[in-house]
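*Asks:* Provided below for reference: sequence and predicted model.
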Amino acid sequence: VQLQESGGGLVQPGGSLRLSCAASGRSTRNLSLGWFRRAPGKEREFVAGISTSGQVKNYADSVKGRFTISRDDANNTVVLQMNSLKFEDTADYYCKAAQTFARAISPASGGTDSWGKGVLVTVSA
């Protein structure tokens, strides 16, 4: 599956952005999906993940209560709604598709995992 992120940009602290990740090549219906980010000079880190059913969601402590992950399998899309953005949310954001939820929320790559190319989010005054 090929993944393409969109929706990044420049936003002021306290603002909101909505990231989308569109999948092509196969349906997302049986895939677990995740969002990750890499800030300048740092390792890639987990942000949010969602199970195939959409019933199980997992968030990094740093974004809990501010970010919401959702999926729309009819349109092969996973969305990350980001509210109350902070300077430290500045990063390249990547979506990931995997066969299992455990792999979808792991920053490691392997097997049949798919990654998007990333989209830049800059939080600045």
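*Replies:* Now that the structure is in, tell me what you want to look at. Residues are numbered from 1 along each chain as shown.

*Asks:* stretch 35-47 spans what distance, first to last residue?
*Replies:* End-to-end distance for stretch 35-47, by CA to CA, to the nearest Å: 5 Å.

*Asks:* quick one: the strands in the protein?
*Replies:* 2-6, 9-11, 17-24, 32-38, 45-50, 57-59, 67-72, 77-82, 91-98, 114-115, 119-123 (DSSP state E).

*Asks:* would TSV of those strands with mean neighbour count, distance to A108 and mean pLDDT be doable?
*Replies:* The C-beta positions use only the backbone N, C-alpha and C, and glycine is treated the same way. Formatted as TSV, the strands of the chain follow (neighbours: other CB atoms under 10 Å; distance: least, CB to CB, whole Å; pLDDT from 0 to 100):
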stretch	mean neighbour count	distance to A108	mean pLDDT
strand 2-6	17	17	98
strand 9-11	14	28	98
strand 17-24	19	19	98
strand 32-38	25	10	98
strand 45-50	22	10	98
strand 57-59	17	16	98
strand 67-72	18	19	98
strand 77-82	22	19	98
strand 91-98	24	10	98
strand 114-115	17	11	96
strand 119-123	18	21	98
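
*Asks:* I105 is nearest to which of the ones you listed?
*Replies:* strand 45-50 (3.8 Å; CB to CB).
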